[in-house]
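Engineer: Quick one: sequence plus predicted model below, questions after.
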Amino acid sequence: MRNFTLFAAVLLLSVNFHAQAQPLATVHMSAKGGGRIVSGGMIVAAEYSMGISNNATLFNNVVWTPDMAGQSVFETVGAGLSYDNFISLLTDGANEQLGWHYTQYPSTGGGRVTKTEASIFTTHPLDWDGFDLQGYSIGGVELHMNQISIQSPGQNPNHDGIWTDYSWDALLTIYAVLPDTVPEPGVGSLLLLGGLGGWWRFRSRARP
């Protein structure tokens, strides 16, 4: 329930976010493979190469499942120290290592992709410095899952049912700050969020 409520809050705020923010830069992310594990989800996180030790990792608490394809989550100002560190590295003018890691859930199998900031952006401002986004104000970061497939036992190469094939494709979008980016949720939004949580509890109990 706690995970769903958090996810619902992210989706609720993203309605306001999309309506008012403008894309500044994007990073296309994807992976395909398999592993000797039975899993039903995938964690996809954006990070700097020192992300774990320096706490500069985003979205590492979201577990993606195939029914979440086409959905988005985002982090913005006030999300916490990890977000602040990520944005600090993103705008410091140095050509650091940026990338993503992905983990099958529940498991530890997955992989990591790391590139220099100068080479990782799919799109970027026309007048950027060639490295990162120094000089730009950042309003938020979105992770949109274009496609995700998780099949267990999939190819089942060992013929014992312990295997999962996966593929996913996502877009990381960094947004610029606008005069009225992501307003504080009003009473109506909070009530809607509470309603979503209540609906999920009812739906969960009603399942056979």
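Structural biologist: Sure, I can see it. Numbers count the residues shown, from 1 in each chain.

Engineer: so what's the residue positioned nearest the centre of the chain scoring on pLDDT?
Structural biologist: Taking Cα atoms, centre = their mean, the centroid of the chain lies closest to residue 143, which sits 3.8 Å from it. You'll see residue 143 listed with a pLDDT of 95.

Engineer: try residue 152
Structural biologist: Confidence score, pLDDT, at residue 152: 89.

Engineer: For it, which residues are in contact?
Structural biologist: Going by Cβ atoms under 8 Å, 6 or more residues apart in numbering, residue 152 touches 38, 39, 40, 163, 164, 165. From N, CA and C alone the C-beta is placed, and that goes for glycine too.

Engineer: per the record, what domains does the chain have?
Structural biologist: 1-21+182-208, 22-177 (automatic domain parsing).

Engineer: for residue 89, helix, strand, or coil?
Structural biologist: helix (DSSP: H, G, I helix; E, B strand; the rest coil).

Engineer: residue ranges with poor pLDDT in the protein?
Structural biologist: Across the chain, the ranges flagged by pLDDT under 70 are 1-21, 50-54, 177-208.

Engineer: Please enumerate the strands of it.
Structural biologist: With strands called from DSSP state E, the chain shows them at 22-35, 41-48, 57-58, 63-64, 72-76, 97-105, 110-116, 138-151, 164-176.

Engineer: Ok, which of those strands comes nearest residue 87?
Structural biologist: The closest of those to residue 87 is strand 138-151. By Cβ to Cβ, the value is 5.1 Å.

Engineer: what sits against the residue sitting furthest away from the middle of the chain?
Structural biologist: In the chain, residue 159 marks the outermost C-alpha relative to the chain mean, sitting 33.6 Å out by Cα atoms, centre = their mean. Listed by Cβ under 8 Å, 6+ apart, the contact set of residue 159 is empty.

Engineer: quick one, phi psi at it?
Structural biologist: phi 60, psi 30 (degrees, to the nearest 10).
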